[in-house]
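Chemist: Got a predicted structure here, sequence first:
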Amino acid sequence: MQRSPFVLPKPVGQALGRLPALPGSMLFVTGLNLALAKQLAPDVTEMLVGKKLRLCVTDAQWAFDFAWKNGRFAATKNTGAADLTISASAYDFVLLARRQEDPDTLFFSRRLAMEGDTELGLLVKNTIDAIELPVFNAAQLHPRHVLAQAREHLMARLAALRPR
């Protein structure tokens with residue numbers, strides 16, 4: 001695979017690679033469920049049932065294992081080969097999430113790899129291409145923004161608890 005313009009430093013990737021896989025997969029599927037689950041067509045979800053999927057962040061040495069179960073994505077333990085594995089660097093996944101790079105461009109420049117069930121890979125790619133997602137904005141993850149949203153949510157919950 002050809003290298004991205006930005007790659008995490010090797011010591012950082014090695015440190016991240018030592019983290020347990022399941023908590024990361026749980027966070028990843030939470031994001032998938034928030035962003036995608038409700039937008040998937042029934043024929044797509046029907047094809048996902050029983051399929052093991054893996055997303056590999058090559059430079060971070062992370063792998064997120066998940067499957068479609070009970071109407072949503074669920075984290076799974078790495079129990080061998082996945083039906084579909086999608087691999088790229090963290091930088092390239094961010095470019096894809098922000099819609100700043102096309103998956104075909106990354107694939108043909110060998111910066112994105114798909115291994116396993118080709119039909120499933122095309123289904124995933126075409127489904128994501130067809131969904132109108134808001135552009136991922138990393139600034140939304142800034143602690144100030146996250147805390148402001150948490151405060152707003154807490155204030156709304158407290159207001160609902162006050163007697164009228």
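Modeler: Nice, thanks for sending it over.
Chemist: host element of residue 74?
Modeler: strand 72-75 (DSSP states H and E).
Chemist: This protein: strands as residue ranges?
Modeler: Counting by DSSP state E, the segments of the chain that form strands are 52-57, 62-69, 72-75, 84-88, 112-116.
Chemist: Quick one: the helices in the protein, in order.
Modeler: Ranges of helices within the chain are 10-17, 21-35, 42-48, 90-97, 103-108, 118-130, 143-161, based on DSSP state H.
Chemist: Single out the most deeply packed of these.
Modeler: helix 90-97 (a mean of 20; mean count of other CB atoms under 10 Å). C-betas here are computed from N, CA, C, even on glycine.
Chemist: residues making contact with stretch 43-51?
Modeler: For stretch 43-51, the external contacting residues (CB atoms under 8 Å, 6 or more residues apart in numbering) are 40, 67-69, 71, 83-84, 117, 120, 123, 127.
Chemist: now that stretch: mean pLDDT?
Modeler: Mean pLDDT, computed over stretch 43-51, is 93.
Chemist: what's the offset of it from the middle of its chain?
Modeler: In terms of CA atoms, centre = their mean, to the nearest Å, the centre of stretch 43-51 is found 17 Å from the chain centre.
Chemist: send the alpha carbons of it over as CSV?
Modeler: In CSV, the C-alpha atoms belonging to stretch 43-51 read as follows (Å, rounded to 0.1, in the frame of the first residue of the first chain):
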residue,chain,number,x,y,z
ASP,A,43,-31.8,-4.6,1.4
VAL,A,44,-28.4,-3.4,2.6
THR,A,45,-28.9,-4.4,6.2
GLU,A,46,-30.2,-7.8,5.0
MET,A,47,-26.9,-8.4,3.2
LEU,A,48,-24.9,-7.4,6.3
VAL,A,49,-26.6,-9.9,8.6
GLY,A,50,-24.1,-12.6,9.6
LYS,A,51,-21.1,-10.8,8.1
